[in-house]
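Asker: Test case, fold it:
(one chain, ligands or ions: 1)
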Amino acid sequence: MIHDPEKLRDRAASALLAARTRTQALTTCVDEPDLTAQHSPLMSPLVWDLAHIGNQEEQWLMRAVGGLEALRPEIDSVYDAFEHPRAERPSLPLLAPTEAHSYVDEVRGRVLDVLEKTPLRGDRLVEQAFAFGMVAQHEQQHDETMLITHQLRRGPAALTAPPPPDTAEGVVGPEVLVPSGHFTMGTSREPWALDNERPAHHRLLPAFRIDTTPVSNAAYLWFIEDGGYRESRWWAPEGWRMVCENKLEAPLFWRREGSGWVRRSFGVTEPIAPEEPVLHVSWYEADAYARWAGRRLPSEAEWEKAARWDPHTGYSRRYPWGDEDPGPEHANLGQRHLRPAPVGSYPEGESPLGVRQLIGDVWEWTSGDFLPYPGFQAFPYREYSEVFFGDAYKVLRGGSFAVDPVACRGTFRNWDLPVRRQIFAGFRTARDAGPEDA
Ligand SMILES: [Fe+2]
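Answerer: Residues are numbered from 1 along each chain as shown. Model (predicted):
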């Protein structure tokens, strides 16, 4: 919690600025035809994301918080994600790239004015600058979406970044025991936490064991080479159907070359790095691998307990390493790198029980459906999370290299369909504690 309103304004302004710097980078590194093209029916044209970012900012910060008159009310429906599925978006009367850029700039100018003038108290929407934090997170989430579009785009590389540091050393072992007992899941204190992360509540879990690192490409290759994609017994029925219908035999973007495998990563074809966490697998693939390995996916509560619970104090931390905001020494976040770091990296980001890379690198599929916590209240709008609750979506935790720290916490929840493979998702496995743990 920040009590000084000036500090709060600074924090909000720098979160908005960081998001915009990234948006600019993602939308100026390719030319106009690339911005307006649809690179995959799963994704919007980049120029749709760009103006949608500005339109949400206009609706929430200019209109709802600032009480200002609408700048471009006629485009609200074009950029309404619920009105138009992604496949339909290229056929809409979209703002042209230069127009979209000047629209988002114009909105931002007015919003910075609103931020100066708004007393950041008295109303839940502005308390602790929540709405500004929410809009900065929204923009960063679309930046991640645009990065996925860049990954799907054909053609030469448009983005570059240095590789992440390899600091894989001193891992305590392949898995750790998380003892049975209560822990606090979710949050009621984190000022910019979204509605689905709230409220904090107690969970009682039996003892379990969880991998200290995400599953590597090397481990996943054993599954492939062992005929994992050819045997229905490892797969949930829907997953097996997906494998057969699409003739799947490896993660998305992988291709056999000679006796090995290569993959396409942001326009570059390269050999599979065995030490990196596996990336671009669906929930069904993660689930099948875990079954083949004689294990299972962790539940969402198990994941969060492994990430946040401190056995010395009994409290849940904000992050695995403690309460301080993520730094480059803790986790691979914020698109500083365009790939996950080798498994076992980031010793300084380790949880008290010795689990690594829970935050950053790859989103991690959990076994669970996306459901509300007890006492959930939709805020500030039902469409943020409530309309997605149910058994259609699986929960992902921890963020990836493509997630900005502002949109990543120990409590942050992401969700997607179990067939999705283009997202930056991997997984780790778990199992029930055995008699040797009693
Ligand atoms: Fe959006």
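Asker: how about the nearest residue to Leu333 once chain neighbours are set aside, what does it touch?
Answerer: What sits nearest to Leu333 in space, not counting adjacent residues and going by C-beta to C-beta, 6 or more residues apart in numbering, is Gly360, at 4.4 Å. All C-beta spots, glycine's among them, are computed from the backbone N, C-alpha and C. Going by C-beta atoms under 8 Å, 6 or more residues apart in numbering, Gly360 touches 326, 330-333, 340, 346, 349, 398-401, 403, 408.
Asker: secondary structure class for Gly360?
Answerer: Three-state call for Gly360 (DSSP: H, G, I helix; E, B strand; the rest coil): coil.
Asker: List just the nearest of the contacts of Gly360 to Pro271.
Answerer: Using C-beta to C-beta, Pro340 comes nearest to Pro271 of the contacts of Gly360, at 15.6 Å.
Asker: I'd say that closest one and Val278 touch.
Answerer: No. Judged on C-beta atoms under 8 Å, Pro340 makes no contact with Val278 at a distance of 9.0 Å.
Asker: buried ones in stretch 189-207?
Answerer: Glu190, Trp192, Ala193, Leu194, Asp195, Asn196, Glu197, Arg198, Pro199, Ala200, Arg203, Leu205 (16 or more other C-beta atoms under 10 Å).
Asker: likewise stretch 322-332?
Answerer: Buried residues in stretch 322-332, counting neighbours by 16+ other C-beta under 10 Å, are found at Pro326, His330, Ala331, Asn332.
Asker: coming back round to it: mutual contacts of Pro340 and Val278, please.
Answerer: Pro214, Val362, Gly426.
Asker: Neighbour-wise, which one of these leads?
Answerer: Neighbour counts for those (other C-beta atoms under 10 Å) peak at Val362, which has 31 neighbours.
Asker: so the nearest residue to Leu194 once chain neighbours are set aside, which of the three states?
Answerer: Leaving aside its chain neighbours, Leu194 sits nearest to Tyr384 (6.4 Å; criterion: C-beta to C-beta, 6+ apart). When classified by three-state DSSP, Tyr384 comes out as coil.
Asker: In this structure Tyr384 contacts Arg198, no?
Answerer: No. Using C-beta under 8 Å, Tyr384 is not in contact with Arg198; the gap is 11.7 Å.
Asker: coming back round to it: which of the buried residues of stretch 189-207 sits closest to Gly109?
Answerer: Nearest member of the buried residues of stretch 189-207 to Gly109, counting by C-beta to C-beta, is Trp192, at 23.0 Å.
Asker: Give me the residue ranges of the protein where confidence is low.
Answerer: Along the chain, segments meeting pLDDT under 70 are nowhere present.
Asker: Tell me which stretches of it form strands.
Answerer: For the chain, the strands defined by DSSP state E cover 175-178, 181-185, 201-205, 208-211, 254-257, 260-265, 268-271, 363-370, 390-397, 413-416, 425-426, 430-432.
Asker: Pipe these into a markdown table and attach distance to Gly122 per row.
Answerer: A markdown table is the format used below for the strands of the chain (distance: least, C-beta to C-beta, whole Å):
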| stretch | distance to Gly122 |
| --- | --- |
| strand 175-178 | 42 |
| strand 181-185 | 29 |
| strand 201-205 | 27 |
| strand 208-211 | 43 |
| strand 254-257 | 53 |
| strand 260-265 | 48 |
| strand 268-271 | 51 |
| strand 363-370 | 32 |
| strand 390-397 | 34 |
| strand 413-416 | 28 |
| strand 425-426 | 40 |
| strand 430-432 | 45 |
